[in-house]
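Enquirer: how would this look folded up:
(one chain, ligands or ions: 1)
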Amino acid sequence: MSFDSLGLNKSILQGVRDAGYEKPTDIQEHTIPKILNGQELIGLGQTGSGKTAAFGLPMLHKLTGGEPGLRGLIIVPTRELCVQVAENLRGYAKHAGLHVCTAFGGIDLSIQESAFKRGLDVLVACPGRLIDHLERRNITLEKIEMVVLDEADRMLDMGFMPQIRRVFLRMPDERQNLLFSATLPKEVESLVEDFLPGAERVQIGSRSQSVSTITHRFAAVDALDKPNSLERLLMRESGKVLVFCNKKIGCEKLGNMLKRSGLSADSIHGDKSAEARHMCLGAFSRGKTRFLIATDVAGRGIDVDDVALVVNYDFPLSLEDYIHRSGRTGRAGKEGRAVSFVVPSEKRLYEAVKAHLSGKEVKDQPSAPGRGYGMPKGRAGGNRPGGGRSGGGGRRATADAR
Ligand code: AMP
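Expert: Residues are numbered from 1 along each chain as shown. The predicted structure is shown next:
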């Protein structure tokens, strides 16, 4: 199928061509015609599946040529995702004369307010900052025609559900609602019942599935040996590597340690200013920094197509985090690799992830000396995390292992 046959107007199609897309991805092919028809949708898509264009293109199509003013709203969980989604949409909207603005915390409200005054058709916003602007009457949601809730499961994890409900209540009843999520936990289902009761579900791949172009590997390591193992691993890599840590402090320390070792590394986490994070992402995207150490929240918005390897330096605390982290590689149909360090106390989390991935290409790291990622000799059997199943790996099912 081609983009031309989806029913999008010429100016949007020109924006798509400028982005270099040749044909729609699965999720785009399934959702765009339905959204253009006015259908409410719940898109359960793989990470990196092209969902931004899946909701962005039909939204921009519908708003083209209408009265100026805020008519399209996209709510996202993090600043990085906010910037990324807005950048994509600006590209697609380039020939349609539509203005796309952002609203996220960490920068002065007045800067965003001035941008709104220059023209605002679509707003990409994080919940907290969106409410700040609403309370100051910098914007009104009275004319919203379409709203998208992106990464709804992440909003839940970050405690944004009360804000989301408040925002939904401030919009006119006559509007089209779309919700995108990698998974559909109970609380998100309840939001769906309240605000999108008639929505059709579009499942691309199986629920919680990770991108199938990724090879997943696991390496048993001792906690104390993790820094050295990482250093050795990075020294062998020639492409871009994204390394995940569970805590901001650990993330910062690891970035500094790698820099001291002469590696082209930097760290990104919530304690850095929006500007510092933006610069850091830009340097990584351009390849100026090759190794980026990130926390989960900061890592969510990293949309860099050519990340060769994702390293879980700390094992993720939930299956969803594993899926989202590994989804930063293998994007847009490219091959990707994910390597996770596993210390003995993380065995249960590892088993949940491995059970979920079974059926895909999963390799335990070889343990012979001189091979693999520096696992001490003799750990292959007993001490290495086993490959057993541990009951499905539901949402946060094994987070109590820490
Ligand atoms: P997303 O899932 O929206 O974050 O998109 C993942 C990556 O795929 C982004 O870098 C997009 O620019 C890219 N992308 C989206 N749609 C297409 C397409 N139809 N063809 C090629 N690349 C695409």
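Enquirer: do you know the pLDDT at the closest residue to residue 161 other than its chain neighbours?
Expert: Once flanking residues are discounted, residue 161 sits nearest to residue 187: 6.1 Å by CB to CB, 6 or more residues apart in numbering. For every residue, glycine as well, the C-beta is placed using N, CA and C. On the pLDDT scale, residue 187 is placed at 87.
Enquirer: which element is residue 187 on?
Expert: In the assignment (DSSP states H and E), residue 187 maps to helix 186-195.
Enquirer: just residue 282 next, same as before
Expert: Residue 282 belongs to helix 274-286, assigned by DSSP H and E.
Enquirer: got a list of contacts for that helix?
Expert: The contact list for helix 274-286, computed with CB atoms under 8 Å, 6 or more residues apart in numbering, reads 79-80, 83, 104-107, 240, 242, 266-268, 272, 289-290, 292, 298, 301-302, 304.
Enquirer: what about 6 Å?
Expert: 79, 106-107, 266, 268, 289, 292, 304 (CB atoms under 6 Å, 6 or more residues apart in numbering).
Enquirer: that older thread, for the helix or strand just after the helix holding residue 187, C-alpha coordinates in PDB please.
Expert: Next along the chain after helix 186-195, taking DSSP H and E as the criterion, comes strand 200-203. Only the C-alpha atoms of strand 200-203 are listed here, as PDB (Å, rounded to 0.1, in the frame of the first residue of the first chain):
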ATOM      1  CA  GLU A 200     -12.100   0.300  18.200                       C
ATOM      2  CA  ARG A 201      -8.900  -1.500  19.300                       C
ATOM      3  CA  VAL A 202      -6.200  -1.900  16.800                       C
ATOM      4  CA  GLN A 203      -3.600  -4.400  17.900                       C
END
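Enquirer: after strand 200-203, which helix or strand is next?
Expert: Sequence-wise, the next helix or strand downstream of strand 200-203 (DSSP H and E) is strand 214-220.
Enquirer: quick check: mean pLDDT across that next one?
Expert: Taken as a whole, strand 214-220 has an average pLDDT of 91.
Enquirer: buried sites along that strand?
Expert: Neighbour counts over strand 214-220 (16 or more other CB atoms under 10 Å) mark 214-220 as buried.
Enquirer: the ligand: which of these is nearest?
Expert: Lowest distance from the ligand to the buried residues of strand 214-220 (CB to the nearest ligand atom) belongs to residue 214, with 13.6 Å.
Enquirer: count of residues packed around the closest residue to that closest one other than its chain neighbours?
Expert: Spatial nearest neighbour of residue 214, chain neighbours left out: residue 330 (4.0 Å); criterion: CB to CB, 6+ apart. Neighbourhood size, residue 330 [other CB atoms under 10 Å]: 25.
Enquirer: start at 234, not 1
Expert: Done: numbering now begins at 234, and the last item shifts to residue 563.
Enquirer: pLDDT at residue 563, what is it?
Expert: pLDDT for residue 563: 80.
Enquirer: low-confidence ranges, the stretch 334-483 of the chain, go.
Expert: Applying pLDDT under 70 to the stretch 334-483 of the chain flags residues 437-445.
Enquirer: can you pull out the strands in it?
Expert: Secondary structure of the stretch 334-483 of the chain (DSSP state E, counting those that start in this stretch): strands at 355-358, 379-382, 409-414, 433-436, 447-453, 473-477.
Enquirer: quick one, which of those strands is nearest to residue 333?
Expert: Comparing the strands of the stretch 334-483 of the chain by their distance to residue 333 (CB to CB), the top pick is strand 355-358, with 4.6 Å.
Enquirer: same for the closest one, what does it pack against?
Expert: strand 305-308, helix 312-326, strand 333-336 (3 or more CB pairs under 6 Å, 6 or more residues apart in numbering; DSSP states H and E).
Enquirer: can you add mean neighbour count and distance to residue 463 and give the ones you listed back as TSV?
Expert: Formatted as TSV, the helices and strands packed on strand 355-358 follow (neighbours: other CB atoms under 10 Å; distance: least, CB to CB, whole Å):
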stretch	mean neighbour count	distance to residue 463
strand 305-308	25	35
helix 312-326	22	23
strand 333-336	25	34
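Enquirer: which stretch in the ones you listed has the least confidence?
Expert: Confidence, taken as mean pLDDT, is least for helix 312-326 of those (a mean of 92).
Enquirer: neighbouring contacts of that one?
Expert: Residues contacting helix 312-326 (CB under 6 Å, 6+ apart): 248, 252, 285, 289-290, 293, 307, 309, 333, 335, 337, 357, 359, 507, 533-534, 536.
Enquirer: in the helix holding residue 515, what's buried?
Expert: Going by 16+ other CB under 10 Å, helix 507-519 has these buried residues: 510-511, 513-514, 517-518.
Enquirer: same deal with stretch 249-266?
Expert: For stretch 249-266, a neighbour-count test (16+ other CB under 10 Å) marks 249, 254, 257-266 as buried.
Enquirer: now do stretch 476-489
Expert: By 16+ other CB under 10 Å, the buried positions in stretch 476-489 come out as 476-479, 481, 483-485, 487-488.
Enquirer: okay, now residue 291: neighbour count?
Expert: Neighbour count of residue 291, defined by other CB under 10 Å: 28.
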